[in-house]
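**Student:** Okay, structure incoming, though there's no sequence with it:
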């Protein structure tokens, strides 16, 4: 058993043990600077280009099977690898024979400058492991976190669709090695006066956070990572949610989805889509697989960015949050959670424990829309969500929520009032569009001007109306696929 | 390991679709970029301190807190530069570090040298700069109004445009803005400078132009060219962004190394890279075009104004090329082109694939589109009406005769293979029944002049060594940025010796091997370096032939190189046996080759002559779907037919065509550069600057090369340059989007580029 203060993970079949880990050292820094293992590249240091993509394998809860997932090593802290296997581009080939993901890339002329290639190869490897015979859409999704500036992607897509036809490498049993490095105690690192904790239960997490109330809660690190790589912030105490098993529980009750705050977006998305198909496009366009594999729903909510994608959707379906401080839990409506820009209802030492999403009613129409310059891996200029309940053609209940229009994600009370108890008609929708301009005074920035932001948000409501009138009306995103 | 070259017959490398020479290294992570090279143990790391203001008087630079920060070894400012404080390649107006004034937000003011990258970057933030703000010029039109230019405005006139316009039955005028573009190479700028004995220095630089880095590092550090060696094995993309800009990074690394006496590496963080280095010029384009009922252009008056930023950099030739390219494939009998090179308090814009050509071609294609809309005709008809003729109507506005036009042939084939006419009708029928979703289609041509417009740059050198075991080292002045130059030139040399390409090792671009090389730019890499390498190899082959003839007492005509062997009369030797024998007889097995592009001549004072050896052609059909309510859109189908002459390597060329198209679509649709009111760039990372992703590629994407159309000029194996021309195939995507939003209410949508969802919404809603 490793010590409480050292981390262990598997790399190329060997156990790597590191005793003096800087709490905010990234996996990429470790690979490139400490191991001089230069295959993984830094393209942006913010998890947006994918040149640094590596694959993590970990034991599932059953302790028997493993899952692999691509992540961005540039913003993943090394200490979070404890108990996992790290697979890099150097790991794939034995020096004699290329892995099918690599071989297909060579055969299809999938590399030009080659700098993005190791990252693509790793995303392809994760796809190879998890999805045999992928469709174009699955390929697009799997590669949406990797940017290539040379090829135009066609040969890479070709490689993705052909790699499974190549001779498969011998299957690896990862589970035994992973079991050998699982710990019973909790990781607690102290390094030059800075601390990193990886508690293993919610009780333990709650105690630690009560004690270190100024600590940074680290979930997927898809934002916190940037505080370090871009803002050069020193984080004195980091408490990591990734090992808090009971914070990742996902369950369905008679009335609710009960989503552990530390469950990843990859884990919760299928459940949300199953119950709310109207959220599918938004959830597909939510960042990229490496980000969704690391990022958590609780993190997206607690971080509270006004351009976070999940909150508008969760708000219109009356989601509430179970907040916990020490032993005490309380429930607060998501609509009431945000007070101001990056200010929320959490008190010192309190954290989001669970997200409670009511199950849909059959007479409700629900939709979330994302409006951005690019479909994949972009930040919303506007993110909308609607929940409409009609009685006959009268609006019996309506929820409208918007991200990107104000300091927080919030409902649109005037527009909702303009719709409630009115006939669901073009005229009513136009009245609501006018009311939206009263509800919000958006700013202009690099994502959109103030004026067109408002127009887009009005047009998105018009589009929702059009979709309720014509169920065949597709979005451009889904058109033809 | 890796893919085997699928050469059909050994020694017949030219024309084979060999994989990129480094493909097996790319996919295993073994290809070494500059940051991957082994680091000297006493290496120091550099970060750059930048101006936060767009314009101001730099009163003082207090670096005391920087110096005292953890890990800091030293700092470097303008005053520390022993030589010339300049990295401007043409006009010497580009200071390495600001002196007295700062002229854009992001301008380097100092460097900090520390023991780690992190320490250097952290410390750079502790500088206290006292800058008195001055009014900044941030927009093109403000610069024109203020008469703020980096270079004098230029005018090119052919015929009598004023009379032609006055007499024209129809006129169309427009003012349209066309955005810039960040190169967004995946490997950011980097250089590592290693001092060597006796004031020597080796600089590992990610650069398209090692010679220029050598020259400018020598000048900045007060050394001679002989003291500086610049090496670049490969770049992780460049696209023009590492033509002149690499010298800034290399000079800062070299100055840091000079000051500390230690090896120093400067690797820019992505955000700093995007803030600090130049991009494609954005343009404001105005035109007034006169045309007849058939859509024939009678006269056209262009006014171009481009954002050059705070210095000239390459803006002169970039804007010249915009003037040369605004005919695209069309004969403009009466034309005036006025070109303003605007000085703004923004980063100095630079080369980017196409080098002004795309902007010029965008202008004429917009005019052609407007003519069609005004006459209610298919834009295709207007295009064909105005194409260059074969024997008449074939002289460009700069007096070069277009001798090689194949635009008609390209169009004919592509129209048939793309089923353009039928699909256009289908689309109109679809649109008639669809209020929200609308489809659009466009076909656009490309004609792009090949050669550096500055004639003296059209020269290249190579150095080929044959070793005793019959293997070859190949050196030339070209740099590899992913475009496949190195495998193409290796194929040429393999063909010359009739040996397998595997026998050739491709060496890094290295100023100590090949001196005075031009930038790998202007699509010229394979044309020029391929020819230089062929000449070098031919010299050695001739020596081997001569030796074999003497040795076996036959005529040279009886010596044949084939299939890794040499046939001398009735005898067969392996290539290495002949080489061994020649070496033993003291035959030199090393040679240089030199090539200068023939026929070209050009007088810049009159904008006339033959700046280009030939033209590369192509055309594309793009079909899109647009949501009129959101402006969001997707490409549904793309058909491309492109001319590479007799391709040296079809797989590599198709890669250039596809990649160029997609990069061009990014420029015209999703890639938007945005500055705030204070002149700070807001889109300086991939989180905010959106290049195309995988899912943006059309589900139906068909790309072909023109077959059996060899270059009529004597280029290397009658091939054609392919680096830049395909980018402009993307114009079809922009005009397909415009086609999609045309309506009875608005037949002439005022669509500006990039056609982001916002831009499309503006055009659809009529808001400006």
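**Tutor:** Thanks, I have the structure now. Predicted, not measured: the structure shown is a model, and the values here were computed from it.
**Student:** can you give me the helices for the stretch 51-200 of chain A?
**Tutor:** Shown for the stretch 51-200 of chain A, the helices assigned by DSSP state H, counting those that start in this stretch span residues A:100-107, A:117-130, A:136-143, A:154-162, A:175-180.
**Student:** in the shortest one, what counts as buried?
**Tutor:** In terms of neighbour count (16 or more other Cβ atoms under 10 Å in any protein chain shown), helix A:175-180 has its buried residues at A:175, A:177-178. For the C-beta atoms, the positions are set from N, CA and C on the backbone; glycine is no exception.
**Student:** go on, the third one?
**Tutor:** Judged by neighbour count (16+ other Cβ under 10 Å), helix A:136-143 contains these buried residues: A:139-143.
**Student:** Can you narrow these down to the ones near chain B?
**Tutor:** A:139-141, A:143 (Cβ under 8 Å from any Cβ of the partner chain).
**Student:** Need those residues in JSON lines (columns: distance to residue B:283).
**Tutor:** Below are those laid out as JSON lines (distance: Cβ to Cβ, whole Å):
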{"residue": "A:139", "distance to residue B:283": "36"}
{"residue": "A:140", "distance to residue B:283": "33"}
{"residue": "A:141", "distance to residue B:283": "36"}
{"residue": "A:143", "distance to residue B:283": "33"}
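**Student:** Any chance of the helices of the stretch 51-200 of chain A in CSV with mean pLDDT as columns?
**Tutor:** As requested, those are exported to CSV (pLDDT from 0 to 100):
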stretch, mean pLDDT
helix A:100-107, 98
helix A:117-130, 97
helix A:136-143, 95
helix A:154-162, 98
helix A:175-180, 95
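**Student:** helix, strand or coil for the closest residue to chain A within the stretch 351-500 of chain B?
**Tutor:** Here the residue of the stretch 351-500 of chain B nearest chain A is residue B:482; by Cβ to the nearest Cβ that distance is 2.7 Å. Applying DSSP: H, G, I helix; E, B strand; the rest coil to residue B:482 yields a three-state assignment of coil.
**Student:** Out of the helices of the stretch 51-200 of chain A, flag the one nearest residue B:185.
**Tutor:** Residue B:185 sits nearest to helix A:117-130 of all those, at 13.6 Å, using Cβ to Cβ.
**Student:** what's the angle from that closest one to helix A:136-143?
**Tutor:** Comparing the axes of helix A:117-130 and helix A:136-143 via axes from the mean of the first three to the mean of the last three Cα atoms, to 10 degrees yields an angle of 130 degrees.
**Student:** Please identify the buried residues of helix A:117-130?
**Tutor:** Going by 16+ other Cβ under 10 Å, helix A:117-130 has these buried residues: A:117-129.
**Student:** So residue B:242 sits against residue B:213, correct?
**Tutor:** No - in this structure, residue B:242 is not within contact of residue B:213 by Cβ atoms under 8 Å, at 9.7 Å.
**Student:** List the contacts of the residue in the stretch 201-350 of chain A positioned nearest to chain B.
**Tutor:** Taking Cβ to the nearest Cβ, chain B has its nearest neighbour within the stretch 201-350 of chain A at residue A:232, 4.8 Å off. By Cβ atoms under 8 Å, 6 or more residues apart in numbering or on different chains, the residues touching residue A:232 are B:118, B:121-122, B:125.
**Student:** Am I right that residue B:248 is in contact with residue B:273?
**Tutor:** No - using Cβ under 8 Å, residue B:248 is not in contact with residue B:273; the gap is 10.8 Å.
**Student:** So which of those two has more stuff around it?
**Tutor:** Ranked by neighbour count (other Cβ atoms under 10 Å in any protein chain shown), residue B:248 and residue B:273 place residue B:248 first, with 27 against 24.
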